[in-house]
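1. Structure for this input, please:
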Amino acid sequence: MTSTVPDVRLVQSFRPPYYEVTIDWQLLDDGTLDDTQALASAIVMALGTNDLASVDEALPDPDSTDRCGWWGNLDADVLWNGWNVGSKLWLLRRSRIDSVASRQGSTVAKVLAYIQLAIQPFISAKIASRYEATAARVTKQRIDATIVIYKGPVPAIQLLYTVAWDELQNSMRG
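-> Numbering: from 1, shown residues only. Here you go, the predicted structure:
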């Protein structure tokens, strides 16, 4: 089996609309690839890549049948022992931020659940020993998640992941 952790450092930048993210390789001053943050890059890829929605999951666009998924997962059974890289955070793209009392359930809880599903394979593959993830609504239009990945008993990386909603998208859903 080949390594499941990338050997380059990825840097992301957000571009409107908020759910579009550009990821690029980080270069060192000498022009070589920066491989100092391989685990962080792998987590960024896992959270920023769209996992395939199941047929019973509600899609963000009611007029679309696109269940997304990442083309790199086509051979996941062979290459990664069934590990599909990606998260289902994209399913919340046009959702309102609902509370625990809503019929749909808490959006914060959904964000946390999708993050946990995307990170759990790192634990199963013993790339990391454990993780802690918390999520909270910090403004009317934003949920922040803090993710700490451990290697052994020591925190290896800490990431802040922001899921933002656009006012126009919220008003369209009413």
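
2. Please enumerate the strands of this protein.
-> 10-15, 20-25, 130-139, 142-151, 154-164 (DSSP state E).

3. Quickly, which of those strands bottoms out on average pLDDT?
-> Mean pLDDT across the strands of the chain is lowest at strand 10-15; the value there is a mean of 50.

4. dump the residue contacts of residue 160.
-> Going by Cβ atoms under 8 Å, 6 or more residues apart in numbering, residue 160 touches 144, 145, 146, 147. Glycine gets a C-beta too; all of them are placed from N, C-alpha and C.

5. Please report the distance of it from residue 32.
-> Going from residue 160 to residue 32 by Cβ to Cβ, to the nearest Å gives 28 Å.

6. if I look at residue 105, how far off is residue 150?
-> Taking Cβ to Cβ, one finds residue 105 at 29 Å from residue 150.

7. in this protein, which spans are helices?
-> Taking DSSP state H to define them, one finds helices in the chain at 38-48, 76-79, 107-124, 167-173.

8. Looking at the ones you listed, spot the one closest to residue 156.
-> When these are compared by Cβ to Cβ, helix 38-48 sits nearest residue 156, at 5.8 Å.

9. Can you name every helix or strand that that closest one contacts?
-> Judged by 3 or more Cβ pairs under 8 Å, 6 or more residues apart in numbering; DSSP states H and E, helix 38-48 is in contact with strand 10-15, strand 20-25, helix 107-124, strand 142-151, strand 154-164.

10. Serialize those to JSON lines and add fields for distance to residue 55.
-> Converted to JSON lines, the helices and strands packed on helix 38-48 look like this (distance: least, Cβ to Cβ, whole Å):
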{"stretch": "strand 10-15", "distance to residue 55": "30"}
{"stretch": "strand 20-25", "distance to residue 55": "26"}
{"stretch": "helix 107-124", "distance to residue 55": "17"}
{"stretch": "strand 142-151", "distance to residue 55": "26"}
{"stretch": "strand 154-164", "distance to residue 55": "24"}
